[in-house]
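K.L.:
Any chance you could fold what I've pasted below:
(chains A and B)
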Amino acid sequence: KNEVEQSPQNLTAQEGEFITINCSYSVGISALHWLQQHPGGGIVSLFMLSSGKKKHGRLIATINIQEKHSSLHITASHPRDSAVYICAVYNNNDMRFGAGTRLTVKP
Amino acid sequence: DGGITQSPKYLFRKEGQNVTLSCEQNLNHDAMYWYRQDPGQGLRLIYYSQIVNDFQKGDIAEGYSVSREKKESFPLTVTSAQKNPTAFYLCASGGLYEQYFGPGTRLTVT
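P.N.:
As a prediction, the model looks like this:
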C-alpha cells in the first residue's frame, strides 16, 4: 500500500462545477503539500499545510491530522484548472508523493 | 529571476549510452533532489544532496549517478546500467518542509 493515496485518479468536470480531490496518508507528517502539474510537466506548489485550512483564490485546502486526510477543493472550476494535482507529505526530511489526480474541466 | 532550470527539455538517446541531465538553481538552497516520474505513479526519489560535496541515494538510485561540486548545480547521469531509463525527470531544491521544482526533462531511450 502506498504511503500517500489520492482519489480519484481521474476526474472530468464541466466548467463551473465544484471539485474535490482527496488525499490520505499513512505516516506521521510535518507538512502536507498540494502541487499542480500542467501538461508541460513543470510542478508548482499550491499549498503547504500542517493544520486547518488555507484558501487562495478559488482553491481551498483542508487537512485533518487525526484522520490523516486532506482535501483540495476548486470552486467555480475553469478549463485552465485542467492539470494533474499531486498530494505530497513531508516526514523526516523526506517527501512522499501521491500518484496524482488528473483533472479535466470542459467548457 | 530566481528558480530552477533543467536542460534540455527533451532528450533522446540510444540504449547503452550514458546521458547527463542538467539542473541549476539560483535560490541559494543547500538541498537538491532528483526525482523520476512514470505514468500512474508518484514521484520517486533517485538521489538527494543536503550540502555541497555530499549526496545520498534515494529509493531508486540503481543505474544513476550524481555529483554536487557547486551549490547551484546537481547534474544527474543516467547510465547504461539503468534498465528502464525512459521517464520524466524532475529536479528540485528546497528548504525546510518545502521543495521547488524545475520544469523537468523527458528522456527517451530507444
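K.L.:
any weak-confidence spans in chain A?
P.N.:
For chain A, the stretches flagged by pLDDT under 70 are A:1.
K.L.:
Can you pull the residues of it lying near chain B?
P.N.:
The interface of chain A toward chain B, taken as C-beta under 8 Å from any C-beta of the partner chain, is made up of A:2, A:4, A:9, A:30-31, A:33, A:35, A:40-45, A:48, A:86, A:88, A:90, A:94-100. All C-beta spots, glycine's among them, are computed from the backbone N, C-alpha and C.
K.L.:
Those residues, buried ones only, as a ChimeraX selection?
P.N.:
The buried residues among the residues of chain A next to chain B can be selected in ChimeraX (16 or more other C-beta atoms under 10 Å in any protein chain shown) with this line:
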select /A:4,31,33,35,41,42,43,48,86,88,90,95,96,97,98,99,100
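K.L.:
Secondary structure of residue A:80: a helix, I assume?
P.N.:
Yes - with DSSP: H, G, I helix; E, B strand; the rest coil as the criterion, residue A:80 is part of a helix.
K.L.:
Which strand runs longest in chain A?
P.N.:
With secondary structure taken from DSSP state E, chain A has its longest strand at strand A:83-91.
K.L.:
what helices or strands is the next helix or strand after it leaning on?
P.N.:
Along the chain past strand A:83-91, the next helix or strand (assigned with DSSP states H and E) turns out to be strand A:94-97. Applying 3 or more C-beta pairs under 8 Å, 6 or more residues apart in numbering or on different chains; DSSP states H and E, one finds that strand A:94-97 makes contact with strand A:83-91, strand B:44-51.
K.L.:
Pull up the gap between residue B:6 and chain A, please.
P.N.:
Using C-beta to the nearest C-beta, to the nearest Å, we find residue B:6 at a distance of 9 Å from chain A.
K.L.:
dump the residue contacts of residue B:68.
P.N.:
Under the criterion of C-beta atoms under 8 Å, 6 or more residues apart in numbering or on different chains, the contact partners of residue B:68 comprise B:32, B:49, B:51-55, B:74.
K.L.:
Mind doing that once more with 7 Å?
P.N.:
By C-beta atoms under 7 Å, 6 or more residues apart in numbering or on different chains, the contact set of residue B:68 is B:49, B:52-55, B:74.
K.L.:
Quick one, which of these are buried?
P.N.:
Judged by neighbour count, with 16+ other C-beta under 10 Å as the criterion, the buried members of these are B:49, B:55, B:74.
K.L.:
what helix or strand is the residue nearest in space to the middle of chain B on?
P.N.:
Taking C-alpha atoms, centre = their mean as the criterion, residue B:34 is the residue nearest the geometric centre of chain B, at 3.3 Å. Assigned by DSSP H and E, residue B:34 falls within strand B:31-37.
K.L.:
contact partners of that strand?
P.N.:
Under the contact criterion C-beta under 7 Å, 6+ apart, strand B:31-37 has outside partners B:23, B:25, B:43-50, B:60, B:66, B:74, B:76, B:87-94, B:99.
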